[in-house]
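> Fold the following and give me the result.
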Amino acid sequence: MAVTVDIKDLFEAGVHFGHKTSRWHPKMAPYIHSKRQDSHIIDLTKTVEGLDAALPFLTKVVAGGKQVLFVGTKKHTKDIVKTVAESIDQPFVTERWLGGILTNIATVGQQIKKLKDLEKRMASGDLEKRYNKLEVQRFQEEIDALNLKYGGIKDLNGKPGALFVIDVIGDINAIKEAKTLGIPVVAVVDTNADPTLVDYVIPGNDDAIKGIQLLLDYAAAAIREGKGVAKTVETEEK
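So this is what the prediction gives:
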């Protein structure tokens, strides 16, 4: 059953509020409904169209056994991005995007391996047996630092099937890496960003917490549906 998008919910969450008209990107013109004072108003019918295309795609990605990498490093939205991604067991980047996360997987993979090894040794008590308290504390600090950088992607299985990006301008490096590797990008695109960088454009306010939460909830529902499909297929194959 496909996820149903409610335009009234989008309106109430403030998804239609764009940026100031002086900051607009001309390529967003097809997605703009009107101007209110000195700000653009996003056409929510276009947002619904964008979601109606993007959500089944996300379902298909996950049903096919791939992961969706959530990217949202903006300070006031990163916590909700992390919470939603964790709730559906998907990888995420909510701290600074480190160059090469996708394109230099060998180097990043070494750091993740180091993190997992340290965590395993800490959990088993091996480090406690071999080192004094101060040294164990330093190992824990190293684990915490590595988790801050790589914790959200330590269970990323190879190349993700898609990226879900909250801020096209702020996380442009993530989009560029995805483009290099041919990974489709689903993104919330505000009136000041270039929609041609994105495969599945969801026109919307990329700052409003309520709006971002709603869009993430839609994405999460689509991914849960994909997981259900994958589980059914797996059961049938057995």
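> Just give the closest residue to Leu98, not the sequence neighbours.
Lys149 (6.3 Å; CB to CB, 6 or more residues apart in numbering). Where C-beta positions appear, they are placed from N, C-alpha and C, glycine not excepted.
> Let me see the contact set for that neighbour.
Under the criterion of CB atoms under 8 Å, 6 or more residues apart in numbering, the neighbours of Lys149 are Glu95, Leu98, Gln111.
> can you give me how far stretch 82-102 is from the chain middle?
6 Å (CA atoms, centre = their mean, to the nearest Å).
> State the mean pLDDT of it.
On average, the pLDDT along stretch 82-102 is 95.
> cool, and stretch 216-230?
Here the average pLDDT along stretch 216-230 is 94.
> ok, now stretch 41-52?
For stretch 41-52, the mean per-residue pLDDT is 98.
> Tell me the buried residues in that stretch?
Within stretch 41-52, the residues scored as buried using 16 or more other CB atoms under 10 Å are Ile42, Asp43, Leu44, Lys46, Thr47, Val48, Glu49, Gly50, Leu51.
> Please apply the same query to stretch 201-212.
Buried, per 16+ other CB under 10 Å, within stretch 201-212: Val201, Ile202, Pro203, Gly204, Asn205, Asp206, Asp207, Ala208, Gly211, Ile212.
> Output these in a markdown table; the columns should cover pLDDT and distance to Asn104.
Listed next are the buried residues of stretch 201-212 as a markdown table, based on pLDDT from 0 to 100; distance: CB to CB, whole Å:
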| residue | pLDDT | distance to Asn104 |
| --- | --- | --- |
| Val201 | 98 | 28 |
| Ile202 | 98 | 29 |
| Pro203 | 98 | 32 |
| Gly204 | 97 | 31 |
| Asn205 | 96 | 33 |
| Asp206 | 94 | 27 |
| Asp207 | 93 | 31 |
| Ala208 | 92 | 34 |
| Gly211 | 97 | 33 |
| Ile212 | 97 | 29 |
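> Among the residues you listed, name the ones in strands.
Among those, the members found in strands (DSSP state E) are Val201, Ile202, Pro203.
> would JSON lines of those residues with distance to Ala221 be doable?
Output for these, formatted as JSON lines (distance: CB to CB, whole Å):
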{"residue": "Val201", "distance to Ala221": "19"}
{"residue": "Ile202", "distance to Ala221": "14"}
{"residue": "Pro203", "distance to Ala221": "19"}
